[in-house]
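> next one to model:
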Amino acid sequence: MSRPVRVRFAPSPTGPLHIGGVRTALYNYLFARKHGGTMILRIEDTDQNRLVEGAENYIINSLKWVGVEIDEGQGVGGPHAPYKQSERKPMYAQYAYNLVEAGHAYYAFDTEEDLDNMRKRLEASGMQPAYDSVSRNSMTNSLTLPADEVKSRIDGGAHYVIRLKLPRKEEVRFHDIIRGWVVVNTAQMDDKVLLKSDGMPTYHLANVVDDYLMGISHVIRGEEWLPSAPLHVLLYRFLGWQDVMPEFAHLPLLLKPEGNGKLSKRDGDRLGFPVFPLEYTDPQTKEVSSGYRETGYFPDAVANMLALLGWHPSDNRELFTMEELIEAFSLEKVSKSGAKFDLNKALWFNHHYLMNKPVEDILPLVKPELATHGLESDDAYLGKVCVLLREKVNFAKEIISQGKYFFTEEYKFNEEVVSKKWNGNTNNYLTALAGVFESEENFDANNIENAFKNWCEINGVKTGELMQPLRVAVSGEPAGPPVFEMISLLGKESVLRRIQRATQSIQAQSV
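Numbers count the residues shown, from 1 in each chain. The predicted model follows:
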């Protein structure tokens, strides 16, 4: 890299941060760390009408949770503070005025009625309604009004905006790291507003000015901003900053599982998965949207999953720590096409991380569930249950819901197994087995299994005939962890009581 790498994630606090936004932040972070650069968080709140209370803190907390560390920016500080655009408002206007003086922008005094009439007139003529290099000549602006009238209007406090003056027909070319060369003709663009009537800059002006002042070397953002890039390229040129213009990389969209369109909250509601990193409560409607954290996903599993939604490592591996992602990440390996969200893959990632987490990292997630179900356990026993059951679940909290029988001897016996597997000999067999288990001094899984098989062989009973009734007797469930490991963990006294209860209860039900 010929210049220090400085990237920014610049969300608008207009609501909860979409998981696609988290992926954009993650890619910026990986790129910065890969090249020894700086990760900046900038809050772009120029659209004051759409701000949502608490959204800024939600963004900051979401990035922290998923492991994206901010080196400089909102909530951290740094040499280019403030990092919230509303707090930088006084500085933007001068750049807009400079563009007017240089002939690259103009004052527009049009009212809402003027703009509405212009749109109707163009639509009636079969043309695309746009304030552009053609239609501006029939509007109320400093290009059509005499200079003295423009001055009089401004001095008199008339409301105006400043619009960029696009060349009539010119090709704008720039190179995108992901998409290659992009070419757009200004005839397909419109004269965007740069400074609003309240003095607040629009996204386009503030974005370019801040990227320049903060020394941003690479703009890595979502595909939805690709149509704005030619405008930003022109702004860099018109402001005299073309030589330090950042490199662009526009990321592919996150798509619905079906692949037809951008992933939205409705898709999550419809299919039952989160589209936000943290649970979010709308301050107006009080509607609660689920989050990956509250659903039970591990942050490193989410980061791993998101990294692979659009980026393809050269060796096709799937499991990475954050350090390994940093080492392997490359913008050149990011796809141009959208990445379909796959719920089963998300669950696969979380299951893998659950299987490999130290037990002490799982216990804090499991203990609240234990209390919710009115159950108790010491950490040592609970940890053993976690090790035994985590292979069967995707989330740590499911360990309790699927393994209540580890903490209570009051449970129902699976009716399907009872109806299909219980016969006139089952209770006698289980009672005899209980006697065998009682005589075992070493109650570990291997000894229990050997004792079970030996008894079955001696008595001419097929192990398959008795295995599931034994499981149901001691747990109530038709499936679960390895049965002899489960029995060993439950302990001899509890297992004997459970078998006795089963033979008495199920026999009574069969009468």
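> okay, CA-based contacts and neighbour counts for the rest of this
Noted.
> domain assignment for the chain?
88-203, 357-398, 409-510 (automatic domain parsing).
> among those domains, which comes closest to Ser337?
Across those, the minimum distance to Ser337, taken as Cα to Cα, is reached by domain 88-203, at 9.7 Å.
> okay, how far is it across the closest one, tip to tip?
Across its full length, domain 88-203 reaches 13 Å end to end, with Cα to Cα, to the nearest Å as the criterion.
> likewise for stretch 396-408?
Criterion Cα to Cα; first-to-last residue distance in stretch 396-408 is 19 Å.
> how about stretch 47-66?
Using Cα to Cα, the span of stretch 47-66 from its first residue to its last is 27 Å.
> for that stretch, the distance to its chain's centre please.
Distance of stretch 47-66 from its chain centroid, counting by Cα atoms, centre = their mean, to the nearest Å, is 14 Å.
> same deal with stretch 314-324?
A distance of 18 Å separates the C-alpha centroid of stretch 314-324 from that of its chain, computed with Cα atoms, centre = their mean.
> for that stretch, buried residues please.
Neighbour-count burial for stretch 314-324 flags Phe320, Met322 (criterion: 16 or more other Cα atoms under 10 Å).
> report the mean per-residue pLDDT for it.
When the per-residue pLDDT values of stretch 314-324 are averaged, the result is 93.
> got the CA coordinates for that stretch in PDB?
Listed next in PDB are the C-alpha coordinates belonging to stretch 314-324 (Å, rounded to 0.1, in the frame of the first residue of the first chain):
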ATOM      1  CA  SER A 314      -8.500 -19.400  -1.700                       C
ATOM      2  CA  ASP A 315      -8.400 -22.800   0.100                       C
ATOM      3  CA  ASN A 316     -12.300 -23.200   0.500                       C
ATOM      4  CA  ARG A 317     -12.000 -23.700   4.200                       C
ATOM      5  CA  GLU A 318     -14.900 -22.500   6.400                       C
ATOM      6  CA  LEU A 319     -13.800 -22.200  10.000                       C
ATOM      7  CA  PHE A 320     -11.700 -19.300  11.000                       C
ATOM      8  CA  THR A 321     -10.800 -17.400  14.200                       C
ATOM      9  CA  MET A 322     -10.800 -13.600  13.900                       C
ATOM     10  CA  GLU A 323      -7.000 -13.700  13.600                       C
ATOM     11  CA  GLU A 324      -7.200 -16.200  10.800                       C
END
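> one step back: to Val52, which of the domains of the chain lies closest?
Nearest to Val52 among the domains of the chain is domain 88-203; the distance by Cα to Cα comes to 17.2 Å.
> give me every residue that touches the residue lying closest to Gln74 once chain neighbours are set aside.
Counting by Cα to Cα, 6 or more residues apart in numbering, Tyr83 is the residue found nearest to Gln74 once chain neighbours are left out, at 5.2 Å. Tyr83 makes contacts with Leu41, Arg42, Ile43, Gly73, Gln74, Gly77, as judged by Cα atoms under 8 Å, 6 or more residues apart in numbering.
> for Tyr83, what are phi and psi?
Dihedral pair for Tyr83: phi -110, psi 20, per degrees, to the nearest 10.
> let me see the mean pLDDT of the longest helix seen in the chain.
Ranked by residue count and defined by DSSP state H, the top helix of the chain is helix 492-510. For helix 492-510, the mean per-residue pLDDT is 87.
> name the surrounding residues that touch it.
Contacts of helix 492-510 with the rest of the structure, by Cα under 8 Å, 6+ apart, involve 409, 413, 418, 427, 430-431, 434, 437-438, 443, 470, 473-474, 487.
> buried ones in that helix, by neighbour count?
Using 16+ other Cα under 10 Å as the test for burial, helix 492-510 gives Lys492, Ser494, Val495, Leu496, Arg498, Ile499, Gln500, Arg501, Ala502, Thr503, Ile506.
> any idea of the pLDDT on Met1?
Among the per-residue scores, Met1 holds a pLDDT of 57.
> buried members of the contacts of Tyr83 into PyMOL, please.
Buried residues within these, as defined by 16+ other Cα under 10 Å, are selected in PyMOL through the command that follows:
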select buried, resi 41+42+43+73+74
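> got the contacts of Tyr83 as a markdown table, with distance to Val172 and secondary structure columns?
Rendered in a markdown table, the data for those read as follows (distance: Cα to Cα, whole Å; DSSP: H, G, I helix; E, B strand; the rest coil):
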| residue | distance to Val172 | secondary structure |
| --- | --- | --- |
| Leu41 | 29 | strand |
| Arg42 | 27 | coil |
| Ile43 | 28 | strand |
| Gly73 | 31 | strand |
| Gln74 | 33 | coil |
| Gly77 | 36 | strand |
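> let me have the contacts of Tyr83 in a markdown table, extended by distance to Gly222 and pLDDT.
Rendered in a markdown table, the data for these read as follows (distance: Cα to Cα, whole Å; pLDDT from 0 to 100):
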| residue | distance to Gly222 | pLDDT |
| --- | --- | --- |
| Leu41 | 16 | 98 |
| Arg42 | 16 | 98 |
| Ile43 | 16 | 96 |
| Gly73 | 20 | 97 |
| Gln74 | 21 | 96 |
| Gly77 | 25 | 96 |
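> out of the contacts of Tyr83, which is nearest to Glu87?
Closest approach to Glu87 among those (Cα to Cα): Ile43, at 10.0 Å.
> got a list of what that closest one touches?
Listed by Cα under 8 Å, 6+ apart, the contact partners of Ile43 are Ala10, Pro11, Ser12, Pro13, Glu56, Gln74, Tyr83, Lys84, Gln85.
> gap between the closest residue to the first one other than its chain neighbours and Glu149?
Looking back up the chat, that one is Ala10. Nearest non-adjacent residue to Ala10, counting by Cα to Cα, 6+ apart: Arg42, 4.7 Å away. Separation of Arg42 from Glu149 (Cα to Cα): 39 Å.
> what bridges to the closest residue to Pro201 other than its chain neighbours?
The spatially closest residue to Pro201, leaving aside those adjacent along the chain, is Leu195, at 4.4 Å (Cα to Cα, 6+ apart). Applying DSSP bridges to Leu195 yields these beta-bridge partners: Ile162, Pro201.
> right, and Leu195 touches His159 too?
No - look at Leu195 against His159 with Cα atoms under 8 Å: they stay out of range, at 11.4 Å.
> who has more neighbours, those two?
The residue with more neighbours, out of Leu195 and His159, is Leu195; 26 against 15, by other Cα atoms under 10 Å.
> and the more buried one, what does it touch?
Leu195 sits next to Ala93, Ala96, Val161, Ile162, Arg163, Pro201, Thr202, Leu205 when contact means Cα under 8 Å, 6+ apart.
> circling back: confidence score at the residue nearest to Gln74?
Reading off the per-residue confidence, Tyr83 sits at a pLDDT of 97.
> the helices in the stretch 301-450 of the chain, which residues?
In the stretch 301-450 of the chain, the segments counted as helices under DSSP state H, counting those that start in this stretch are 322-328, 343-356, 359-372, 379-389, 398-402, 415-421, 426-438, 445-458.
> ok, and what's touching the shortest one?
In other words, helix 398-402. When contacts are defined by Cα under 8 Å, 6+ apart, helix 398-402 is touched by residues Val366, Glu369, Leu370, Val385, Cys386, Leu389, Arg390, Val393.
> neighbours of the last one, how many?
Counted with other Cα under 10 Å, the neighbours of Val393 add up to 16.
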